[in-house]
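**Student:** A predicted structure for the sequence below; I have some questions about it.
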Amino acid sequence: MYFVIQIADKCLLEQIALVMQSEHKISKRVHKKDHSVFYRLQIGSKDIIADLEQLGGIPGKTHRMKLPDIPSDFFGTFVRGYFDGDGNVWVGEIHKNRKKQLLVIQTCFTSCSQDFLLNLQRRLLLYGVYGSCYERKKQNVFRLQYSVKSSILLFQLMYKTTSNGLFLDRKKKVFKKYLLQAQLRS
């Protein structure tokens, strides 16, 4: 029995392997369809598989993923991990045809499991983070989307504890870019 972590960011996968104290090889793969590169860490361990199942991990989770019961102390870290894998953040201006453009930030999470996103949305409401969930029919996925105020609250929740260094710096930089630009405009 084994589990696999595959991501496009090799440096993050190396950090994960370091934290897990894994000496398993990280392999480079290329998608057949679009030729994009991703990296893969495969670890065989019955004990880790049993622990993951006990925590709510399920094989073939894509369409039937459920939000696990996460203690409050670890919820921000969980959200950041999910965001790094299946989230996106965008900064830009809207109302470009007006005299004064408006700088905005938008954060979203994507999943094939609507149930997962709706439960994530409910849990984030406890932190004052309000968003909307909708289906992207052409892509057969669901999105949970947040605008400015909630994106800032998400940033604070997700990056409150980052002592282990397990996060995508490129995504964190987008939040910081928005905060700096918004401060300069005020």
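**Tutor:** That came through fine.
**Student:** Roughly how far does Arg122 sit from Leu52?
**Tutor:** 23 Å (C-beta to C-beta, to the nearest Å). Backbone N, C-alpha and C define where each C-beta goes, glycine included.
**Student:** Tell me which of these two has more neighbours.
**Tutor:** Taking other C-beta atoms under 10 Å, Arg122 and Leu52 do not tie; Leu52 has more neighbours (15 against 10).
**Student:** so how far is the helix or strand hosting that one off the chain centroid?
**Tutor:** For Leu52, the host element (DSSP states H and E) is helix 46-54. Put simply, helix 46-54 sits 22 Å off its chain's centre (C-alpha atoms, centre = their mean, to the nearest Å).
**Student:** Do I have it right that Trp90 meets Ile105?
**Tutor:** Yes. Trp90 is within contact range of Ile105, at 7.0 Å (criterion: C-beta atoms under 8 Å).
**Student:** so what sits against both of those two?
**Tutor:** Both Trp90 and Ile105 are contacted by Val174, under the criterion C-beta atoms under 8 Å, 6 or more residues apart in numbering.
**Student:** Looking at those two, which is more packed in?
**Tutor:** Ile105 (24 against 12).
**Student:** Starting from Gln114, give me the distance back to Cys108.
**Tutor:** With C-beta to C-beta as the criterion, Cys108 and Gln114 are 14 Å apart.
**Student:** where does Leu13 sit relative to Asp84, distance-wise?
**Tutor:** For Leu13, the distance to Asp84 - C-beta to C-beta - is 11 Å.
**Student:** typo on my end, Lys96
**Tutor:** Distance of Lys96 to Asp84, given as C-beta to C-beta: 30 Å.
**Student:** With neighbour numbers in mind, choose between the two.
**Tutor:** Neighbours were counted for Lys96 and for Asp84 using other C-beta under 10 Å; Asp84 has more, 18 against 8.
**Student:** which stretches of this protein form strands?
**Tutor:** Under the criterion DSSP state E, the chain contains strands at 2-7, 26-30, 37-44, 87-94, 102-111, 132-136, 141-146.
**Student:** between the ones you listed, which gets nearest to Thr161?
**Tutor:** strand 87-94 (17.5 Å; C-beta to C-beta).
**Student:** For that closest one, which helices and strands make contact with it?
**Tutor:** strand 102-111, helix 169-185 (3 or more C-beta pairs under 8 Å, 6 or more residues apart in numbering; DSSP states H and E).
**Student:** ok so, going back, between Cys108 and Gln114, which one's more packed in?
**Tutor:** Counted by other C-beta under 10 Å, Cys108 and Gln114 do not tie: Cys108 has more neighbours, with 19 against 15.
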